[in-house]
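> generate a structure from the sequence data that follows.
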Amino acid sequence: MTAEIRLYRGLEIYPLVFPHRPIGARQAHHHDDEFDAAVRIQEPSAKTGIARGRVFKVSPDEPFQSAGDARRASIAYAEQMIDTSPQARTFLD
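Residues are numbered from 1 along each chain as shown. The predicted structure is shown next:
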């Protein structure tokens, strides 16, 4: 699985999708399970390799029905946070 990186207004967005219920060691993962989402927003990696960033959990009333829905919601959530922040990078502090 490759990580999807999206660049939006000069910031990197990493959607994070995970099962709503933890998968036990002996349980198989079912693709029709529900999902939760979070998103990592960070400055583009500098040559020094140090970039400020934070992870934010997307908190809907109910879990997402598919991984695709959770991924799209995390991207939309990040874009909304960036758009509504007075200075796009202040929430990284």
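
> enumerate every residue touching residue 36.
Residue 36 makes contact with 17, 18, 19, 20, 57, 58, 63, 64, 70, according to C-beta atoms under 8 Å, 6 or more residues apart in numbering. Bear in mind the C-beta positions are built from the backbone N, C-alpha and C, glycine included.

> how about the residue lying closest to residue 60 once chain neighbours are set aside, secondary structure?
Closest residue in space to residue 60, ignoring its immediate chain neighbours: residue 73 at 7.0 Å, by C-beta to C-beta, 6 or more residues apart in numbering. Here residue 73 is helix, with the state taken from DSSP: H, G, I helix; E, B strand; the rest coil.

> and residue 73, how far from residue 79?
Distance, residue 73 to residue 79, by C-beta to C-beta, to the nearest Å: 11 Å.

> same deal with residue 13?
Remark: distance between residue 13 and residue 79 (C-beta to C-beta) = 7 Å.

> which one of the two has more residues nearby?
residue 13 (21 against 17; other C-beta atoms under 10 Å).

> surely that one is within a strand?
Yes: Residue 13: assigned to a strand according to three-state DSSP.

> what pairs with it across the strands?
Beta-bridge partners for residue 13, by DSSP bridges, are residue 6, residue 41.

> contacts only, for it.
Residue 13 makes contacts with 5, 6, 7, 39, 40, 41, 74, 75, 78, 79, as judged by C-beta under 8 Å, 6+ apart.

> quick check: pLDDT value at it.
Reading off the confidence values, residue 13 has pLDDT 95.

> just to revisit the earlier point, among the contacts of residue 36, which are in strands?
Among the contacts of residue 36, the members found in strands (DSSP state E) are 17, 18, 19, 57, 58.
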